[in-house]
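[1] Turn this into a model:
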Amino acid sequence: MAVLLCSITVSAYDFEVDGIYYRRTQFGDNPTVKVDYRGFIGNTYNDFYVGDIVIPETVSYDGVTYAVTAIGGNAFEGCNQVTSISMPSTITEIEQTAFYNCTRLAQINIPEGITWINNYTFENCRSLTSIDLPSTIKGIGTYAFLGCSKLETIQLPDNLTKIGSEAFSGCSNLQAINIPKGITVINEETFYNCASLQEINIPNGVTAINDMAFYGCTNLMAINIPESVTKIASNAYAKCI
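    Okay, the predicted model is just below:
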């Protein structure tokens, strides 16, 4: 019996303008779109985007002008030839896995107004050396920067209230970090194997440091633990020497 194997190509976008793919998100008097991926073959996303990407504030198609307000989930996933992304101030949401595995992405701006760095957003973006987060960011999701092995500096905004598990796991070049006062829990493996991390300030108000939070931080020389901490997992600082 012969078995026919075929790959199915699926498109996600509604239209394309100047090499960027869009999906409509709102119709009517104030039409909007989000940046989307070109499509995928089987279970593999199409890595069509290449080089320096400049996303416009508005885009016109078929006689309608749309505001560009979001970066869709998986929009740039696996686009390992993308080197920089410029986003306009109209962007108010970045969906999860938007830049997952963009291994050559070295520069990106996050506009003011973004409130959440979603799960997996920058996972394995291993060419990023620094990133500025706007003051409007309130949360960083699980695995958000996991495997960003060249990330050296990141300034966490004062409004931040949550950092997800493994958010900075494997950021082996991260040297120092200041935890904002709104954080109450250091989650599991948040800074796992951040081998270059030398100092960290934990603010009063943090109540728990969970499993393997600083596992493998072999260069950690200074850490301030406030009286508010009532729970430190037994392996929170495992293999830190």
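
[2] Report the beta-bridge partners for residue 20.
    residue 17 (DSSP bridges).

[3] these two touch, right, it and residue 34?
    No - between residue 20 and residue 34 there is no contact under C-beta atoms under 8 Å: 10.8 Å. Using the backbone N, CA and C atoms, a C-beta is placed for each residue, glycine as well.

[4] Name the residue in these two with the higher neighbour count.
    More crowded of residue 20 and residue 34, by other C-beta atoms under 10 Å: residue 34, with 25 against 21.

[5] Nearest residue to the more buried one in space, please, no chain neighbours.
    Distance criterion C-beta to C-beta, 6 or more residues apart in numbering; nearest residue to residue 34, sequence neighbours excluded, is residue 70 at 3.7 Å.

[6] Bridged to that neighbour, which residues?
    Beta-bridge partners, per DSSP bridges, of residue 70: residue 34, residue 93.

[7] give the contact list for it.
    Contact analysis of residue 70 by C-beta atoms under 8 Å, 6 or more residues apart in numbering lists 25, 32, 34, 35, 91, 92, 93, 94, 95.

[8] The fourth one reaches residue 69, doesn't it?
    In other words, residue 35. No - using C-beta under 8 Å, residue 35 makes no contact with residue 69, being 9.6 Å away.

[9] With neighbour numbers in mind, choose between those two.
    residue 35 (27 against 19).

[10] low-confidence ranges in the chain?
    Across the chain, residues meeting the criterion (pLDDT under 70) sit at 1-11, 40-47, 241.

[11] As a check, name the ranges of all helices in it.
    Using DSSP state H, no helices are found in the chain.

[12] tell me the contacts of the closest residue to residue 233 other than its chain neighbours?
    Spatial nearest neighbour of residue 233, excluding adjacent residues (C-beta to C-beta, 6+ apart): residue 211 at 4.5 Å. Listed by C-beta under 8 Å, 6+ apart, the contact set of residue 211 reads 188, 189, 233, 235, 236.
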